[in-house]
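Colleague: 3D model of this:
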Amino acid sequence: MKFRRSERLIDMTHYLLERPRELVSLTFFSERYGSAKSSISEDLAIIKETFEKQGIGTLQTIPGASGGVKYISKASIKDAKDFIGELCELIASADRLLPGGYLYLTDLLGTPHIMNKVGKLLATAFADSQIDVIMTVATKGIPIAHAISEHLNVPFVIVRGDSKVTEGSTVSINYVSGSTKRIQTMVLSKRSLNEGAKVLIVDDFMKAGGTITGMMNLLDEFNATLAGIAVLVESEDAQERLVDDYVSLVKLMDVNMKNKSIKVVEGNYFYRD
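Modeller: Predicted coordinates:
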């Protein structure tokens, strides 16, 4: 079946968007559309220019006989600024304050278009990192991990507080919560991580960082490597921060439980070294 150019461009764009970071050969596209490789190259140049102009991402060309093209999902600085500003406004409501200085975020975590943008921004922050898998702890971190995994095209695994019969043999560790100072347990299926895997750790809300530290210790049990740490909201109200190398979208500060007032500002997304 011969495709018209307009049809080819639409189908090619859709194919690439569904497969971030997957190497697709020009031969594949050439055979798929019954077109010369020179025509495919011209189409890809148009798609790349449009992606970059619209802040969708970019196309990465890999030369050589085994090469091809990859779609890399990336948010522009302007889009990131605009979205984080919107996120700060959404989170800044005093109605979200919970005992202990925590925030009610469930409605945001359950909104697909918000999570898609969160995933894209955090995936952009680690676009140049080699990541094999994303790790988060149940339950609030799951939507964020899933969103990032969609843009990086890697699997994610879920750390739980107790073992599930459906996950088979597990590895468990005890860790000290950074905020409550209580000893808690983390459990992960032995089948979840391969030895040497490069892992991006994700959390929805970080105070002292005890949960993230626990996940970092869990990586050691699998001989896996930390590739980075991504946080949706960090709290400035942490007397002893256990984690210092991370990316956050939003920072919660100036929390006044008595007056039920909060101040929300940009996280360190734009200001990391």
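
Colleague: The helix ranked longest in the chain: how far from the chain's middle?
Modeller: Using DSSP state H, we find that the single longest helix of the chain is helix 37-54. How far helix 37-54 lies from its chain's middle: 26 Å, per C-alpha atoms, centre = their mean, to the nearest Å.

Colleague: What are the contacting residues of the next helix or strand after it?
Modeller: Later in the chain than helix 37-54, the nearest helix or strand by DSSP states H and E is strand 57-62. Applying C-beta atoms under 8 Å, 6 or more residues apart in numbering, the external contacts of strand 57-62 come out as 16, 20, 23, 44, 47-48, 51-52, 67-74. Just so you know, the C-beta spots here come from the backbone N, C-alpha and C atoms, and that holds for glycine as well.

Colleague: and strand 57-62, average pLDDT?
Modeller: Across strand 57-62, the average pLDDT comes to 96.

Colleague: Stretch 212-221 now?
Modeller: 96.

Colleague: and what of stretch 15-31?
Modeller: Across stretch 15-31, the per-residue pLDDT values average to 96.

Colleague: and if you look at stretch 71-87?
Modeller: 97.

Colleague: Then stretch 119-128?
Modeller: For stretch 119-128, the per-residue pLDDT averages 97.

Colleague: from now on call the first residue 10
Modeller: Noted, 10 is the first residue going forward, which turns the last one into stretch 128-137.

Colleague: Buried residues in stretch 53-70, which are they?
Modeller: 53, 56-57, 60, 65-68 (16 or more other C-beta atoms under 10 Å).

Colleague: go on, stretch 233-247?
Modeller: Buried positions in stretch 233-247, judged by neighbour count with 16+ other C-beta under 10 Å: 233, 235-244, 247.

Colleague: which pair in those residues spans the largest distance?
Modeller: For those, the maximum inter-member distance is 27.1 Å, found between A233 and S244 (C-beta to C-beta).

Colleague: Give the other helices and strands that the host helix or strand of V166 contacts.
Modeller: V166 is part of strand 165-168 when elements are defined by DSSP H and E. Contacts defined by 3 or more C-beta pairs under 8 Å, 6 or more residues apart in numbering; DSSP states H and E place strand 165-168 against strand 142-146, helix 151-161, strand 192-198, helix 219-230.

Colleague: right, and L258 touches L96 too?
Modeller: Yes - between L258 and L96 there is a contact under C-beta atoms under 8 Å: 6.3 Å.

Colleague: Can you pick out the residue with more neighbours from those two?
Modeller: Set side by side, L258 and L96 show more neighbours around L258, with 25 against 22, by other C-beta atoms under 10 Å.

Colleague: Tell me how many other residues surround the residue lying closest to A103 once chain neighbours are set aside.
Modeller: Using C-beta to C-beta, 6 or more residues apart in numbering and skipping the chain neighbours, the partner closest in space to A103 is K269 (4.5 Å). For K269, the count of nearby residues is 11 (other C-beta under 10 Å).

Colleague: Contacts made by stretch 47-63 with the rest, please.
Modeller: 14, 17-18, 21-22, 25, 35, 38-39, 42, 65-68, 70, 78, 80.

Colleague: show me where the protein has strands.
Modeller: Taking DSSP state E, the strands of the chain run over residues 66-71, 77-82, 106-107, 111-112, 142-146, 165-168, 179-185, 192-198, 207-215, 234-244, 256-265, 270-275.

Colleague: Quick one: closest of the ones you listed to E159.
Modeller: Comparison of the strands of the chain against E159 by C-beta to C-beta identifies strand 77-82 as nearest, at 8.4 Å.
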